[in-house]
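Peer 1: can you look at this prediction? I've put the sequence above it.
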Amino acid sequence: MRTIGSVALAVLTACASSNAPSPNTRANETIRISTQTGATATMRMAPSVTTSTLTLPVALDRVWAILPEAYDSVGITVSDLDPRRHVVGNS
């Protein structure tokens, strides 16, 4: 059962949507860190978008059956569940 939970968590992570704005609307950020001794460091962050796909050697029905439990285990309430289209998540 631990393997199925790990697979579900991997699928859940890969399928989770983000509310982050598109990269065109996000600005570069510069963060300056200063210590009490006067030392400083600067970090520049730029928006980027990456995608990845991972195909798991597990039957869809087997993963689908445990996805609500996987969401629950990480504290995500499932409000959208459509078995016909295999959609799970919340609005």
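Peer 2: Looks like it arrived, so ask away.

Peer 1: secondary structure element holding the nearest residue to residue 81 once chain neighbours are set aside?
Peer 2: Spatially, and ignoring its direct neighbours in sequence, residue 81 is nearest to residue 88 (5.5 Å; Cβ to Cβ, 6 or more residues apart in numbering). The C-beta positions use only the backbone N, C-alpha and C, and glycine is treated the same way. Element membership of residue 88 [criterion: DSSP states H and E] is strand 87-89.

Peer 1: tell me the buried residues in that strand?
Peer 2: 88-89 (16 or more other Cβ atoms under 10 Å).

Peer 1: can you give the distance of it from its chain's centre?
Peer 2: Offset of strand 87-89 from its chain centre (Cα atoms, centre = their mean, to the nearest Å): 13 Å.

Peer 1: so for it, mean pLDDT?
Peer 2: Over the span of strand 87-89, the pLDDT mean works out to 84.

Peer 1: tell me which strands it pairs with, and in which orientation.
Peer 2: Neighbouring strands of strand 87-89 in its sheet, by DSSP bridges, are strand 80-82 (antiparallel).

Peer 1: what's the average pLDDT for the partner strand?
Peer 2: The average pLDDT within strand 80-82 is 89.

Peer 1: show me what secondary structure element comes after the helix or strand of the chain with the lowest mean pLDDT.
Peer 2: One helix or strand of the chain scores below all others by mean pLDDT, DSSP states H and E: helix 2-15, with a mean of 51. Where DSSP H and E defines the elements, the next helix or strand beyond helix 2-15 is strand 29-34.

Peer 1: who's in contact with that following strand?
Peer 2: Residues outside strand 29-34 that contact it (Cβ atoms under 8 Å, 6 or more residues apart in numbering): 40-45.

Peer 1: which strands border that strand, and is each parallel or antiparallel?
Peer 2: When pairing is defined by DSSP bridges, strand 29-34 lines up against strand 40-45 (antiparallel).

Peer 1: and the strand it pairs with, C-alpha only, in PDB?
Peer 2: Written as PDB, here are the backbone C-alpha positions of strand 40-45 (Å, rounded to 0.1, in the frame of the first residue of the first chain):
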ATOM      1  CA  THR A  40      25.300  42.100   2.400                       C
ATOM      2  CA  ALA A  41      24.300  39.600  -0.300                       C
ATOM      3  CA  THR A  42      22.000  40.200  -3.300                       C
ATOM      4  CA  MET A  43      19.900  37.600  -5.000                       C
ATOM      5  CA  ARG A  44      18.000  38.300  -8.300                       C
ATOM      6  CA  MET A  45      15.100  36.100  -9.200                       C
END
